[in-house]
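> I'd like to go over a predicted model; first the sequence, then the structure.
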2 protein chains.
Amino acid sequence: MGVATINDVARLAGVSIKTVSRVMNREPNVREETRAKVLSVAESLQYRPSQSARSLAGSRSFLIGLLFDNPSAAYVTDVQLGAAARCRASGRHLVIEPVDTAAPDLPKLVRETCRALRLDGVILTPPVCDDARVLDVLEQMGVPYVRLAPNRDPDRSPRVTMDDRAAAAEMTRKLIALGHTDIGFVIGHPDHGASELRRQGFVDAMREAGLETRPDRMIQGRFSFRSGFDAGEALLGQGRPTAVFASNDDMALGVMAAARQLGLDVPRDLSIAGFDDTPAAQSVWPPLTTVAQPIGAMAAAAADMIIDGEAAHPHTGAPPSRELGFTLRMRGSTVEPA
Amino acid sequence: MGVATINDVARLAGVSIKTVSRVMNREPNVREETRAKVLSVAESLQYRPSQSARSLAGSRSFLIGLLFDNPSAAYVTDVQLGAAARCRASGRHLVIEPVDTAAPDLPKLVRETCRALRLDGVILTPPVCDDARVLDVLEQMGVPYVRLAPNRDPDRSPRVTMDDRAAAAEMTRKLIALGHTDIGFVIGHPDHGASELRRQGFVDAMREAGLETRPDRMIQGRFSFRSGFDAGEALLGQGRPTAVFASNDDMALGVMAAARQLGLDVPRDLSIAGFDDTPAAQSVWPPLTTVAQPIGAMAAAAADMIIDGEAAHPHTGAPPSRELGFTLRMRGSTVEPA
DNA sequence: CTGAAAGCGCTTACAG
DNA sequence: CTGAAAGCGCTTACAG
């Protein structure tokens, strides 16, 4: 009794366990009739190959690790949903490891987890994907990994990204199309690779439209609400722009708060756009126009790269990468200038 | 070369693999000197027992499953953090399975996952923990499981809960202590077990203070923002109460919106309290007074029950359960009546 | 197209 | 306190 094993299936199907193994792994070289027989017996016994035995005998564990250091709950669950779907479709499972990027023993934790579980691969979200110590360990152990939207040294390893520059340019074009010609821009944190890309995208679209990008319209921020608030105060004095595009939602909300403080009505007196489509973007009033990253799809792509073996070391030439499209979410915070 | 195995450690330490096994599993009957020697060799080899081999040879997989059907991203990540911490401390790992409670093949998915992974146990969050089909499969397969805050048939299996009735009573006492004597109450969804407990807690505290609980002050809601808004409109007409206690935050925010619509100032004209401490509770203005569930601690307790074998079938007598304390978060939405 | 043998790295059940 | 043998349920590498 108990749970059926490969031996039970083989006996009842009148074949060897090797044949059962072939069928379960969808290997070629099995007569159709034999395959059907094995499948039917397996089904009737509710047989599922033991992951432990497969992992021990073979080289794969059918387990993919997901390392994250809570950027935001919404982001993390979107990543999990996207990755878990692909894992399930390929008979794998997702093991999660919440980590602390600041912890000195993070490399040790990663090493021990990989050793114990023999992970087929690891998906890294920001900011873990920018921790060189973690990448070192993974490479040293030969564990395939994929980085989601890496900032530092992006060409180092397999990754999935979004075209931040194109997205920022597209959003800027939308503002211009609404009729705005004097647009303020809040730059992101200087250590964050996406900041420069988004800034470039803004400049691209302004130039393309023949609009000037005045230095006093470009304020350096740090991706925080507070820095957005400060940038708002700096931008919204005399002769203010009719629209402000902030490099992320937190800063956009800071600009919105500063505008209120100054007695301005959003969006009548000022249009505001952000980037990221965080949950807060929809719960403020007016709802914030922003750029949505395809988070779930990016995680799914990362899982695919591991499952397909694309992420395996070593890479011949440049490490593989995939770039996914973005979505503009035009909401109430942006209208035609008064 | 490659990864060190138990044989490598045994050879270098000059002992049998059985002794290495004893040391790694913290079993008794090993001389202190021998233990130290083995530990030192294991350390130098960066040896970690293979989870697959342990699982195949023994009965444990060192894997705990977490089934969830996205109640809210914040809830899910809190649960994961709490459970993952205990898993890590005990050398286990957390496998997540996002599921769709409405899917007809959910029982099949659960069965196959348990078979393939030989999970040591499963943690179930609402609403998955109330799906009888899932519980049936788990019991039939002998997989220990713990339910987090179950609603239906709570005595059926091991669980971790919070005292909803006491929490609602305590919150009500706080409102009374502020000086409120005429308090409205919005009842939760009728299908949700916690609704009745929270209602009872409210009534307990009112009676205890010698205050009347008028039927027209108790409005049936459905846990949604909309039902809270409707309840607010029903409660806030002529001769309105000075405070409203809603059975969850979504409804409390609905009441708040209704109060605004009616031209009332919160908290000056009306104090409002909720239940759950959702992220929105802190981001509205004024911040919402509410009851915080110890979500991470509840998940940690559930993991402990699996790790300690407490959740194993069959239970002699009533299934084990743990009840954790709540926290009242008194914020700006509640003040003394005008 | 199919199978017999060996072995993956551990734990279990005994023996001493 | 320690160890030799068997076996967990598969896959790998061959052989036919």
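Alright, I've got the coordinates.

> Need the mean per-residue confidence for whatever helix or strand residue A:109 lives in.
Mapping residue A:109 onto the secondary structure by DSSP states H and E places it in helix A:106-117. Mean pLDDT, computed over helix A:106-117, is 92.

> Just confirm yes or no for it near chain B.
Yes: using Cβ under 8 Å from any Cβ of the partner chain, helix A:106-117 reaches chain B at A:109, A:111-113, A:115-117. Bear in mind the C-beta positions are built from the backbone N, C-alpha and C, glycine included.

> could you pull out the helices for the stretch 51-200 of chain A?
Counting by DSSP state H, counting those that start in this stretch, residue ranges of the helices within the stretch 51-200 of chain A are A:51-57, A:73-89, A:106-117, A:132-141, A:164-178, A:193-208.

> What residue spans form the domains of chain A?
Annotated domains of chain A cover A:6-49, A:63-162+A:295-325, A:164-292 [automatic domain parsing].

> In TSV, list those domains along with distance to DNA strand D.
Supplementary listing: the domains of chain A in TSV, determined by distance: least, Cβ to the nearest atom of the strand, whole Å:
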stretch	distance to DNA strand D
domain A:6-49	3
domain A:63-162+A:295-325	10
domain A:164-292	38
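
> what's the closest of those domains to DNA strand C?
The stretch from those with the least distance to DNA strand C (Cβ to the nearest atom of the strand) is domain A:6-49; that distance is 3.3 Å.

> That closest one vs chain B: in contact?
Yes: where contact is defined by Cβ under 8 Å from any Cβ, part of domain A:6-49 touches chain B, namely A:46, A:48-49.

> separation between residue A:335 and DNA strand C?
Taking Cβ to the nearest atom of the strand, to the nearest Å as the measure, residue A:335 falls 64 Å from DNA strand C.

> Now do that residue, the pLDDT please.
At residue A:335, the pLDDT value in this model is 97.

> what's the answer for residue A:277, then?
94.

> In space, what's closest to it - neighbours in sequence excluded?
Using Cβ to Cβ, 6 or more residues apart in numbering or on different chains and skipping residues adjacent in sequence, the residue nearest residue A:277 is residue A:292, 3.8 Å away.

> For that neighbour, give me its contacts.
When contacts are counted by Cβ atoms under 8 Å, 6 or more residues apart in numbering or on different chains, residue A:292 is found next to A:276-277, A:326-329.

> One more pass at 10 Å, please.
A:162, A:167, A:275-278, A:281, A:326-329 (Cβ atoms under 10 Å, 6 or more residues apart in numbering or on different chains).

> Please narrow those residues to those residing in helices.
With helices taken from DSSP state H, the overlap with those comprises A:167, A:281.

> Looking at the contacts of residue A:292, point me to the pair that's furthest apart.
In terms of Cβ to Cβ, the contacts of residue A:292 reach their longest pairwise distance at A:162 and A:281, which sit 16.6 Å apart.

> returning to what we had before: the helices of the stretch 51-200 of chain A: which one's closest to residue A:185?
Distances from residue A:185 to each of the helices of the stretch 51-200 of chain A were compared using Cβ to Cβ; the minimum, 5.0 Å, belongs to helix A:193-208.

> Tell me the buried residues in the helix or strand following the closest one?
Toward the C-terminal end, the helix or strand that comes next after helix A:193-208 (DSSP H and E) is strand A:218-220. Buried residues in strand A:218-220, counted by 16 or more other Cβ atoms under 10 Å in any protein chain shown: A:218-219.

> Show me what the helix or strand just after strand A:218-220 is packed against.
Scanning the chain past strand A:218-220 towards its C-terminal end, the next helix or strand to appear is helix A:225-235 (assignment: DSSP H and E). Judged by 3 or more Cβ pairs under 10 Å, 6 or more residues apart in numbering or on different chains; DSSP states H and E, helix A:225-235 is in contact with strand A:183-187, strand A:218-220, strand A:243-246, helix A:249-261.

> Could you check helix A:225-235 and say which residues are buried?
A:225, A:227-235.

> Mind putting these into TSV with pLDDT?
Supplementary listing: those in TSV, determined by pLDDT from 0 to 100:
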residue	pLDDT
A:225	90
A:227	95
A:228	96
A:229	96
A:230	96
A:231	97
A:232	97
A:233	96
A:234	96
A:235	97
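
> from the residues you listed, which is closest to residue A:11?
The shortest approach to residue A:11 among these belongs to residue A:225, at 65.9 Å (Cβ to Cβ).
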